[in-house]
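Engineer: below are the sequence and a predicted model; questions follow.
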Amino acid sequence: MKILVLNAGSSSHKSCLFDLSQGDVGAVPQPLWRAALDWTHQPGKVELSASGGGETIQQVLPITDKAKGLKAMVNTLVDGPTQVLEGLAAIDVVGHRVVHGGREYIDSVRIDDRVKAAIERLIPLAPAHNPANLQGIEALEDILGDRPQVAVFDTAFHARMPEAAATYPGPHAWVEQGIRRYGFHGISHQYVAQRTADMMNCDLAELKILTCHLGNGCSLAAVKGGISVDTTMGFTPLDGLMMGSRSGSVDPGILIYLMRQEGYSADQLDRLLNKESGLQGLSGQSNDMRSVVEAMEGGNPQAQLAFDTFIHRLRREMGGMVASLGGLDAVVFTAGIGENSPLVWQQACAPFEFLGLRLRSDLTRSKEDQDIASDNSRVRSLVIHTQEEWAIAQACLALL
Ligand code: AMP
């Protein structure tokens, strides 16, 4: 079975093709083909990169229409040096990452008009993502006709959270209005939780796992018996941890203050909190942890403050997740920072030594998933490379 996976964002599209007739379904196979569109590269143009059949191409195309860009990207599957298929008829199913499934979609679902209407209805809850996801679905419909398409929701894994964890303590009307914690990065948290159980040779149903997705966006999940019972992102992906350019949780009184005293509009607050905060805002250097650490090591006090605040908030929220779990078998790090920063692993885990969590002294990054806890640690700590595209492909296979 050939599964095309599309991860559509507002400024980029990433795609890959898996062939499940090749290799073991349980292991993570290399995709036959990978491609990406970057719409931020040059005004009026898109950068297309693709690799397949041992070849790689990079092109800058004079395209501004997203659907046309997607068509050019999909075309590299069947034409040019990266060709891996004789024709697009060979694709059996398309899996889409859809960011917000609201309360209706707590599992992956085959896309039909009702599902598309729901994704559209949920746009006010995910204005940066759901429109791009819908556009991707419709573009692929144009290209592939009535080929089955599947939506895999980033919110779905958190949909079984206890009500007390999902509820914001505002007026009761919020409950009816759907103003609640939805949580995001669910595809990643679910994948790494299952992989943890596999690596520990345990049944997921028996484990209490704290998963730390630390990338440009950051969130934690408390995964108890395979279910997300708490998470740090909330009604939007702005809640919780400090991130690359997002503030994470701040006192809501600050927003009222800025509106009253400085006349901030909703759009200005949106930009301030989503684009001008976090590592970027505090360090004044970059949203990239590598640059912040480099500046910090060079003695930059703002970068030091940004790093220290990132770690402080991470530790505090990790402690909260441990309370929600009521125990701890494993702490797992994933995504750009989580997969690559021994400094962050050490700093994040240090205060939990009293729980029996001890890391090895020889920590290095690896291309392989690894256990970084010392042999005598009571709690395991794993670094797992998240495989969101593969998880989406598996969800398609399970559904069809
Ligand atoms: P992601 O959103 O998962 O693609 O993660 C992207 C982020 O990972 C970048 O913005 C960096 O902050 C971070 N990152 C990538 N490589 C490293 C590294 N070697 N050390 C620390 N952070 C890294």
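Structural biologist: Great, that's in hand. Numbers count the residues shown, from 1 in each chain.

Engineer: and the closest residue to Leu48 other than its chain neighbours, helix, strand or coil?
Structural biologist: Sequence neighbours aside, Gln59 is the residue nearest to Leu48 in space, at 4.8 Å (criterion: C-beta to C-beta, 6 or more residues apart in numbering). C-beta: built from backbone N, CA, C; applies to glycine. When classified by DSSP: H, G, I helix; E, B strand; the rest coil, Gln59 comes out as strand.

Engineer: surely Gln59 touches His41?
Structural biologist: No - under the criterion of C-beta atoms under 8 Å, Gln59 makes no contact with His41, lying 10.8 Å away.

Engineer: need the overlap of contacts for the two.
Structural biologist: Contact criterion C-beta atoms under 8 Å, 6 or more residues apart in numbering; residues bridging Gln59 and His41 by contacting each: Glu47.

Engineer: let me see the contact set for Ala90.
Structural biologist: By C-beta under 8 Å, 6+ apart, Ala90 lies in contact with Lys2.

Engineer: count the residues that sit near the residue of the chain found nearest the ligand.
Structural biologist: Closest contact between the chain and the ligand, by C-beta to the nearest ligand atom, is at Gly336 (2.0 Å). If you count neighbours by other C-beta atoms under 10 Å, Gly336 ends up with 18.

Engineer: check Ala27 too.
Structural biologist: Other residues close to Ala27 by other C-beta under 10 Å number 7.

Engineer: pLDDT score assigned to it?
Structural biologist: pLDDT recorded at Ala27 is 72.

Engineer: so it versus Trp390, what's the distance?
Structural biologist: Ala27 is 10 Å from Trp390, where distance means C-beta to C-beta, to the nearest Å.

Engineer: now do Ser265
Structural biologist: 42 Å.

Engineer: looking at those two, which is more packed in?
Structural biologist: Ranked by neighbour count (other C-beta under 10 Å), Ser265 and Trp390 place Trp390 first, with 20 against 9.

Engineer: before we move on, what SS does that one have?
Structural biologist: helix.

Engineer: tell me the SS of Ala37?
Structural biologist: Ala isn't right for residue 37; it's Leu. Relying on three-state DSSP, one would call Leu37 strand.

Engineer: what's around it, how many residues?
Structural biologist: Leu37 has 24 neighbouring residues, counting by other C-beta under 10 Å.

Engineer: okay, and the beta partners of it?
Structural biologist: His13, Leu48 (DSSP bridges).

Engineer: contacts only, for it.
Structural biologist: 12-13, 46-48, 69-70, 73.

Engineer: and for Phe307?
Structural biologist: Shown in contact with Phe307 (C-beta under 8 Å, 6+ apart): 279, 283, 292-293, 296.

Engineer: so which of the residues you listed wins on neighbours?
Structural biologist: Leu279 (28 neighbours).

Engineer: residues in contact with that residue?
Structural biologist: Residues counted as contacts of Leu279 (C-beta under 8 Å, 6+ apart) are 242-245, 285-289, 292, 306-307, 310.

Engineer: check what pLDDT it gets.
Structural biologist: pLDDT, read off for Leu279, is 98.

Engineer: show me how far the host helix or strand of it is from its chain's centre.
Structural biologist: Remark: Leu279 resides in helix 278-283, with elements defined by DSSP states H and E. From the chain centre to the centre of helix 278-283 is a distance of 20 Å (C-alpha atoms, centre = their mean, to the nearest Å).

Engineer: in this protein, what helix or strand scores lowest on average pLDDT?
Structural biologist: The helix or strand of the chain with the poorest confidence is strand 33-42; it has a mean of 91 (mean pLDDT, DSSP states H and E).

Engineer: quick one: buried residues of that strand?
Structural biologist: Of the residues in strand 33-42, 33-39 count as buried by neighbour count, 16 or more other C-beta atoms under 10 Å.

Engineer: was I right about Ser277 contacting Gly244?
Structural biologist: No - using C-beta under 8 Å, Ser277 is not in contact with Gly244; the gap is 9.4 Å.

Engineer: burial of Ile256, as a residue count?
Structural biologist: Residues near Ile256, counting by other C-beta under 10 Å: 11.

Engineer: would JSON lines of the contacts of Leu37 with pLDDT, neighbour count and distance to Arg147 be doable?
Structural biologist: As requested, these are exported to JSON lines (pLDDT from 0 to 100; neighbours: other C-beta atoms under 10 Å; distance: C-beta to C-beta, whole Å):
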{"residue": "Ser12", "pLDDT": "89", "neighbour count": "16", "distance to Arg147": "23"}
{"residue": "His13", "pLDDT": "93", "neighbour count": "24", "distance to Arg147": "18"}
{"residue": "Val46", "pLDDT": "95", "neighbour count": "25", "distance to Arg147": "24"}
{"residue": "Glu47", "pLDDT": "96", "neighbour count": "17", "distance to Arg147": "27"}
{"residue": "Leu48", "pLDDT": "97", "neighbour count": "22", "distance to Arg147": "22"}
{"residue": "Gly69", "pLDDT": "95", "neighbour count": "21", "distance to Arg147": "20"}
{"residue": "Leu70", "pLDDT": "96", "neighbour count": "25", "distance to Arg147": "14"}
{"residue": "Met73", "pLDDT": "97", "neighbour count": "23", "distance to Arg147": "16"}
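
Engineer: any chance of those in TSV with distance to the ligand as columns?
Structural biologist: Output for the contacts of Leu37, formatted as TSV (distance: C-beta to the nearest ligand atom, whole Å):
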residue	distance to the ligand
Ser12	11
His13	15
Val46	20
Glu47	17
Leu48	19
Gly69	21
Leu70	21
Met73	19
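
Engineer: any idea which of the residues you listed is the one closest to Asp113?
Structural biologist: Nearest to Asp113 among those is Leu70, at 20.4 Å by C-beta to C-beta.
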